[in-house]
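> I need the structure of the sequence given here:
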Amino acid sequence: MSERASNGAGPDFTPTFRPVTQASHPPGMIYNDPAILEREKEVIFRQEWLCIGRADELPNPGDYQTHRIVGEPVLLCRKADGSIAAYSNTCLHRGVEVASGQGNTQEFTCPYHGWLYNLDGQLLGASYMRDSEGFDRKTCRLPTLPVALWHGWIFLSLNANPMPFDRYIADFDEKFGYIDMGKLKLGLKRDIPLRCNWKLMVENFIDFYHVGVLHKDTIGRYMKTSDVDYELRPGGRIFIDEYDAGSHTKDGQVFKEPIATLKDKPPRFSQAGVLPPNLNFFVRPDYVMLYTSWPTDVDHMVMRQYVCFPAHVRDAPDFPQVIADFTRMSDKILGEDVDMVESLQNASKARHFVPGRMSRLERGVQHYIRHNIERIFGGQQEGQAAE
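Numbers count the residues shown, from 1 in each chain. Predicted coordinates:
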C-alpha cells in the first residue's frame with residue numbers, strides 16, 4: 001500500500017525522489033492502476049515520438065505496414081517518391097481501417113464501403129457520394145501523422161505537433177550516430193508478449209544490479225562489474241558509454257566480422273541507452289539491438305525486438321545459422337528476465353509488499369522511474385533531492 005502525500009491528495013513519492021542511497025522504490029500502484037495506464041497513454045504515448053520500425057522493412061514504393069499504438073490505428077507506407085508516410089488508418093467515412101497487416105499496394109480500399117485512397121492518403125473515389133451536398137473528394141485526405149527517419153529507424157508521433165524531431169533525437173545521435181546504422185540490415189524482428197506492466201521491462205534492461213545474479217550463467221559471465229557508469233540526461237534519458245558484456249553467443253565473442261565503424265573496438269565492447277518513453281538500445285561490435293515496450297493493458301505488454309547486422313552478414317548464405325544461434329542465446333537471456341518481471345508485476349499487487357530501498361547500482365532505474373512519475377503526476381515531487 002502506498003504512502004499518502006501530506007495533503008492527502010495522492011500517493012507520496014518522496015522516498016523515490018531522494019538521492020539513490022537514501023531512496024526507496026515506488027509503490028506498486030504505478031504498475032497496476034488502470035487509471036495510471038490511461039494517463040500514460042494520453043500524456044506519454046499520444047504525445048511523444050515513438051520508434052515504430054526500420055526503413056528497410058519498407059524497401060519498395062507501395063510497401064505498407066499497419067499498427068495499433070495504444071489503440072490508435074496507424075498506416076505506414078512507402079510513397080511513390082520513395083519517402084515514408086504515416087497516416088491515421090481510419091476511413092474518412094465511418095472510420096474503418098483501410099488497410100490491415102502488411103504488403104504492397106498502390107491503393108488502399110476501405111473494406112466496408114469501398115472508399116479508395118492512394119499512397120499519398122488522397123481520397124480517389126467514394127461511390128454514391130456525388131449527390132451528397134458539400135462533399136468534395138478532392139479535399140479529403142487521410143490524417144497525416146508526423147514521421148521522421150534516424151539512421152534507418154522510423155519514428156512517428158500521434159501528436160500533430162510534437163517536439164521537433166532533431167531536438168528530440170539530438171543526444172541519442174550524439175552518442176550513437178557514429179555507428180552509421182542506415183547501412184545495417186534488419187536480421188530479426190519479433191513480438192514477445194509478457195504478463196507485466198510495460199515500464200517493468202524498460203527498467204529491467206537498465207538494471208545492472210541483477211546481471212551478476214540472474215544472468216550469472218549467460219551474459220553475467222563476461223561482465224567484470226555490474227557497477228557501470230550511468231550518464232543521466234534530462235527527460236529520463238540514460239547512456240552507458242562502454243562496458244564489458246559480449247555478444248549473444250556461447251563464448252561472448254562476435255558472430256562474424258564486426259560493423260565497419262566498430263571494427264577497432266574490443267571484442268566485448270558494449271554500449272546502451274534508454275530513450276523514453278519505451279526504447280532500450282544496445283550496441284555490440286557485430287550488431288545493434290533495439291527493444292520497444294508497448295502496453296496491452298495494465299498487467300500485459302508486448303516487447304518488440306529488433307536486431308540489425310552489417311549488410312554482408314545479413315545477406316550471406318550462412319545467415320540462417322547466425323540468426324538461429326543468436327536467437328537461441330537471446331531466448332535464454334530473455335527467459336531469465338521474463339520470469340522476474342512477471343514476478344515483479346504480481347508483487348506489485350501483494351497485500352504485504354512494501355517497496356524496498358534502492359542500491360547505488362539502481363541509479364539508472366531510479367532516473368527513469370522519476371521521469372515517468374513526473375510525466376504522469378506533473379511537476380517535481382515535494383521533497384525531491386538532486387542527484
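
> any idea of the mean pLDDT for stretch 114-126?
Across stretch 114-126, the average pLDDT comes to 97.

> how far does that stretch sit from its chain's centre?
Centroid separation for stretch 114-126 versus its chain: 31 Å, with CA atoms, centre = their mean, to the nearest Å.

> now do it: everything it contacts.
61-62, 77-80, 85, 87, 91-93, 98, 106-110, 113, 127, 135, 137-138, 140-144 (CB atoms under 8 Å, 6 or more residues apart in numbering). Where C-beta positions appear, they are placed from N, C-alpha and C, glycine not excepted.

> among those residues, name the ones in helices.
Counting by DSSP state H, no part of the contacts of stretch 114-126 is found in helices.

> show me which of these are buried.
When the contacts of stretch 114-126 are checked for burial by 16 or more other CB atoms under 10 Å, the buried set is 77-79, 85, 87, 91-93, 98, 108-110, 137, 140, 142.

> identify the residue with the minimum pLDDT among those residues.
Among these, residue 137 has the lowest pLDDT, at 92.

> I'd say that one and residue 129 touch.
Yes. Contact criterion CB atoms under 8 Å: residue 137 and residue 129 qualify, at 7.0 Å.

> what mean pLDDT does stretch 295-302 have?
Taken as a whole, stretch 295-302 has an average pLDDT of 97.

> repeat for stretch 352-370
On average, the pLDDT along stretch 352-370 is 94.

> tell me which residues are up against that stretch.
Contacts of stretch 352-370 (CB under 8 Å, 6+ apart): 15-17, 20-21, 23-28, 199, 202-203, 206-209, 226-227, 230, 232, 236, 238, 240, 274, 276, 347, 384, 387.

> ok, 7 Å please
Residues from elsewhere that reach stretch 352-370 (CB atoms under 7 Å, 6 or more residues apart in numbering): 16-17, 20-21, 23-28, 202-203, 206-209, 226-227, 230, 232, 236, 238, 274, 347.

> distance across it, terminal residue to terminal residue?
Length of stretch 352-370, first residue to last, CA to CA, to the nearest Å: 24 Å.

> can you give me the helices in this structure?
29-32, 34-40, 165-176, 198-205, 211-214, 311-314, 319-347, 363-377.

> let me see the residues that make contact with the second one.
To tie it back to what came earlier, the one meant is helix 34-40. With CB under 7 Å, 6+ apart as the test, helix 34-40 has contacts from 29, 30, 295, 298, 376.

> gap between it and the chain center?
Helix 34-40 sits 18 Å away from the centroid of its parent chain (CA atoms, centre = their mean).

> buried residues, it. List them.
Residues of helix 34-40 classed as buried by neighbour count (16+ other CB under 10 Å): 36, 37, 40.

> show me the contacts for residue 106.
Taking CB under 7 Å, 6+ apart, we find residue 106 in contact with 62, 119.

> repeat the analysis, applying 10 Å as the threshold.
Counting by CB atoms under 10 Å, 6 or more residues apart in numbering, residue 106 touches 61, 62, 80, 118, 119.

> is it possible to get a markdown table of these that adds distance to residue 340?
Converted to a markdown table, those look like this (distance: CB to CB, whole Å):
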| residue | distance to residue 340 |
| --- | --- |
| 61 | 44 |
| 62 | 43 |
| 80 | 48 |
| 118 | 48 |
| 119 | 44 |
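
> check those and tell me the two furthest apart.
Spanning the widest gap among the contacts of residue 106 are 61 and 118, at 11.4 Å by CB to CB.

> overlap in contacts of these two?
The contact sets of residue 61 and residue 118 overlap at 79, 80, 106 (CB under 10 Å, 6+ apart).

> give me the residue ranges of the stretch 1-150 of the chain where confidence is low.
By pLDDT under 70, the weakly predicted segments of the stretch 1-150 of the chain are 1-10.

> in it, which spans are strands?
Under the criterion DSSP state E, counting those that start in this stretch, the stretch 1-150 of the chain contains strands at 49-54, 63-69, 72-78, 84-88, 102-104, 107-109, 116-118, 123-125, 144-145, 147-150.

> other residues contacting the fifth one?
Outside strand 102-104, the residues that touch it by CB under 10 Å, 6+ apart are 57-67, 76-78.

> so how far is stretch 34-49 off the chain centroid?
Worked out by CA atoms, centre = their mean, stretch 34-49 lies 14 Å from the chain centre.

> sorry, slip of the keys, the one I care about is stretch 278-291.
That offset, for stretch 278-291, works out to 11 Å (CA atoms, centre = their mean).

> same question for stretch 116-133.
Relative to the centre of its chain, stretch 116-133 is centred 35 Å away, using CA atoms, centre = their mean.

> what's the answer for stretch 229-244, then?
Mean-position distance between stretch 229-244 and its chain equals 17 Å (CA atoms, centre = their mean).

> could you dump the contacts of helix 34-40 to JSON lines with distance to residue 164 and neighbour count?
Below are the contacts of helix 34-40 laid out as JSON lines (distance: CB to CB, whole Å; neighbours: other CB atoms under 10 Å):
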{"residue": "29", "distance to residue 164": "34", "neighbour count": "15"}
{"residue": "30", "distance to residue 164": "30", "neighbour count": "23"}
{"residue": "295", "distance to residue 164": "26", "neighbour count": "22"}
{"residue": "298", "distance to residue 164": "32", "neighbour count": "20"}
{"residue": "376", "distance to residue 164": "24", "neighbour count": "18"}
